[in-house]
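K.L.:
okay, here's the prediction I keep looking at, along with the sequence it came from:
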Amino acid sequence: TSHTYTGPGPYQITITTPVPVSEAQIPKWRFTYDSGPMLVSMDTPMLNTGSTDFSNCFLFCKNLTTIAGGLFANNTAVTDFTTCFIDCSSLTAIPAGLFDNNTEATDFSSCFRGCSSLIAIPSGLFDNNKEATSFYSCFMNCTGITEIPARLFVNSWGVFYFDHCFENCVQAKLNSTIFGDDLNRRFSNKQIFFTKCFFNVGSSLTPGQGGEAPAL
């Protein structure tokens, strides 16, 4: 179906369905170069798409400012959040518990890359994502983030790729317990990739105010 509006918005669009949340309620969708900049907020959780792939879901949504808590709560089968919010440069906050229901998720590569208006990462954001294997460039170029919370990846023991994860987070203060407290037990005899994980982190802060990196 289609609809033509009489003039410029903003408009609130509501999608409803009689299909129960346990079944696919809406087709999988992504924004495009044309439609992405039109989205300014997501006020309620998304309907169940039945999809496992949410890569590029909000690609090009440069005017997206807010997203609902529990945005992905109905999409419990999702495994791939690669580039989900890449370059959403107006997004101001990540709701606490955003991925709590996505226990099958494995890939968060570039998920928030280029979200330059974010100022914080909620504590426990990935606590339920124990199947994760990659956070490659997840927060790269998030130049507004001011602090990386303690124990952010404490339950993500299966991750192999942290390359570029916080690269160019120039205002962020490091925390030595990002990966938990017992790093010897966690990383011993494993090949983990940390290339430029903390490159330029805190580089715009006053010397001595950048926090402490994990003792890798």
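P.N.:
That came through fine. Numbers count the residues shown, from 1 in each chain.

K.L.:
correct me if wrong: residue 168 contacts residue 199.
P.N.:
Yes - between residue 168 and residue 199 there is a contact at 7.0 Å, judged by CB atoms under 8 Å. For glycine as for every other residue, the C-beta is placed from the backbone atoms N, C-alpha and C.

K.L.:
higher neighbour count, these two?
P.N.:
With neighbours defined as other CB atoms under 10 Å, residue 168 and residue 199 compare such that residue 168 has more, 20 against 15.

K.L.:
quick one: residues contacting that one.
P.N.:
Taking CB atoms under 8 Å, 6 or more residues apart in numbering as the contact definition, residue 168 lies against 140, 141, 142, 143, 199, 200, 201.

K.L.:
can you add secondary structure and give those back as CSV?
P.N.:
Output for those, formatted as CSV (DSSP: H, G, I helix; E, B strand; the rest coil):
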residue, secondary structure
140, coil
141, coil
142, coil
143, coil
199, coil
200, coil
201, coil
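
K.L.:
filter the residues you listed down to the buried ones, ChimeraX style.
P.N.:
Here is the ChimeraX command that selects the buried residues among these (16 or more other CB atoms under 10 Å):
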select :140,141,142,143,200,201
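
K.L.:
send me the lowest-mean-pLDDT helix or strand in the chain as PDB with only the CA atoms.
P.N.:
Every helix and strand in the chain was compared by mean pLDDT, DSSP states H and E; the lowest is helix 183-187, with a mean of 88. Output of helix 183-187 as PDB, limited to C-alpha atoms (Å, rounded to 0.1, in the frame of the first residue of the first chain):
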ATOM      1  CA  LEU A 183      41.900 -11.100  32.400                       C
ATOM      2  CA  ASN A 184      44.400 -14.000  32.700                       C
ATOM      3  CA  ARG A 185      41.700 -16.500  33.000                       C
ATOM      4  CA  ARG A 186      39.600 -14.900  30.300                       C
ATOM      5  CA  PHE A 187      42.200 -14.500  27.600                       C
END
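
K.L.:
return the set of buried residues in that helix.
P.N.:
Buried, per 16+ other CB under 10 Å, within helix 183-187: 186, 187.

K.L.:
begin at 21, not 1, for the rest of this chat.
P.N.:
Sure, I'll start counting at 21 from here, so that last one is helix 203-207.

K.L.:
leaving aside the residues next to it on the chain, what's closest to residue 190?
P.N.:
Spatial nearest neighbour of residue 190, excluding adjacent residues (CB to CB, 6 or more residues apart in numbering): residue 224 at 4.2 Å.

K.L.:
how about low-confidence regions in the protein?
P.N.:
For the chain, applying pLDDT under 70 flags the ranges 21.

K.L.:
mind jotting down where the strands sit in it?
P.N.:
Using DSSP state E, the strands found in the chain span residues 61-62, 86-87.

K.L.:
how about those in a markdown table, adding mean neighbour count?
P.N.:
Putting the strands of the chain into a markdown table (neighbours: other CB atoms under 10 Å) gives the following:
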| stretch | mean neighbour count |
| --- | --- |
| strand 61-62 | 14 |
| strand 86-87 | 18 |
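
K.L.:
can these go into CSV with extra columns for distance to residue 205?
P.N.:
As requested, the strands of the chain are exported to CSV (distance: least, CB to CB, whole Å):
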stretch, distance to residue 205
strand 61-62, 39
strand 86-87, 36
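
K.L.:
fine by me, we can end here.
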